[in-house]
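1. Any chance you can model this:
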Amino acid sequence: MMRIYKAFFATLLLAVFGSLYAADSMDADDFVDEASAKGIAEIESGKLALEKSTSPDIKAFAQQMIDEHTAANRQLAQIATTKQLEVATEAELMSKAKKWILQLRDGESFDEAYANNQVASHENTVELYRKAAQQVEDADLKAFASKSLPTLEQHWEKAKQLAATHKKHD
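-> Alright, predicted model coming up:
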């Protein structure tokens with residue numbers, strides 16, 4: 001009977017500490033996949049903004065998103081390739097990206113919807129990169145996430161400013 005209790009206790013400890021350890025790490029594949037999909041979403045929504053927006057500040061921000069997220073995705077893909085991590089295909093990334101792009105809400109002007117979407121998407125992206133900077137075990141991916149954070153935080157702040165500027169006044 002004592003052996004059963006010891007085995008149960010050992011299993012319980014393993015489950016508790018195993019889950020605590022898991023909570024303190026982020027899978028490198030998951031980070032690469034989600035970060036690259038979010039980058040593609042920024043690029044594609046930026047292209048949409050260049051087409052649909054009539055506002056110079058929205059268009060300038062959209063171009064910045066296209067340029068900077070394209071560069072970041074290239075760098076992330078290079079790191080992933082050297083680590084022999086599987087990078088999602090363009091089709092898979094576009095499928096995930098559409099999820100974020102489609103968050104543009106009906107009933108708002110395009111500029112207001114785009115700015116609001118950028119606030120939400122950059123908040124999520126900053127959260128992902130903060131988590132990766134702390135929890136990804138791969139040193140190169142951790143460094144990439146840490147290095148990218150200030151730029152992403154600047155994007156988030158600029159998106160908040162755009163959202164405030166383009167908010168419809170009822």
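2. any idea how far the residue nearest in space to the middle of the chain lies from residue 168?
-> Residue closest to the average C-alpha location in the chain (C-alpha atoms, centre = their mean): residue 125, at 3.1 Å. Residue 125 is 25 Å from residue 168, where distance means C-beta to C-beta, to the nearest Å. For the C-beta atoms, the positions are set from N, CA and C on the backbone; glycine is no exception.
3. buried set for stretch 163-170?
-> For stretch 163-170, burial by neighbour count (16 or more other C-beta atoms under 10 Å) applies to 163, 166.
4. before we move on, what about stretch 112-127?
-> Quick answer for stretch 112-127 (16+ other C-beta under 10 Å): 112-119, 121-122, 125-126.
5. Contacts only, for residue 138.
-> Contact partners of residue 138, counting by C-beta atoms under 8 Å, 6 or more residues apart in numbering, are 28, 83.
6. could you redo the last one with a cut-off of 6 Å?
-> Residues near residue 138 by C-beta atoms under 6 Å, 6 or more residues apart in numbering: residue 28.
7. picking that back up, filter the buried residues of stretch 112-127 down to the ones in strands?
-> In this view, the buried residues of stretch 112-127 have no member that belongs to strands under DSSP state E.
8. For residue 134, state which of those is nearest.
-> residue 126 (12.8 Å; C-beta to C-beta).
9. how much space is there between the closest one and residue 51?
-> Taken as C-beta to C-beta, the span from residue 126 to residue 51 is 26 Å.
10. Helices of the chain, start to end?
-> For the chain, the helices defined by DSSP state H occupy 2-23, 28-52, 56-82, 90-101, 110-135, 139-165.
11. Same list (the ones you listed) but as TSV, adding mean pLDDT.
-> TSV is the format used below for the helices of the chain (pLDDT from 0 to 100):
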stretch	mean pLDDT
helix 2-23	40
helix 28-52	88
helix 56-82	95
helix 90-101	60
helix 110-135	92
helix 139-165	97
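12. Do I have it right that residue 42 meets residue 65?
-> Yes - with contact defined as C-beta atoms under 6 Å, residue 42 reaches residue 65; the gap is 4.7 Å.
13. My read is that the residue nearest to the centre of the chain contacts residue 38, right?
-> Yes - at 5.0 Å, residue 125 counts as touching residue 38 under the criterion of C-beta under 6 Å.
14. and stretch 138-150, which residues are buried?
-> For stretch 138-150, by 16+ other C-beta under 10 Å, it's 138, 141-142, 144-145, 148-149.
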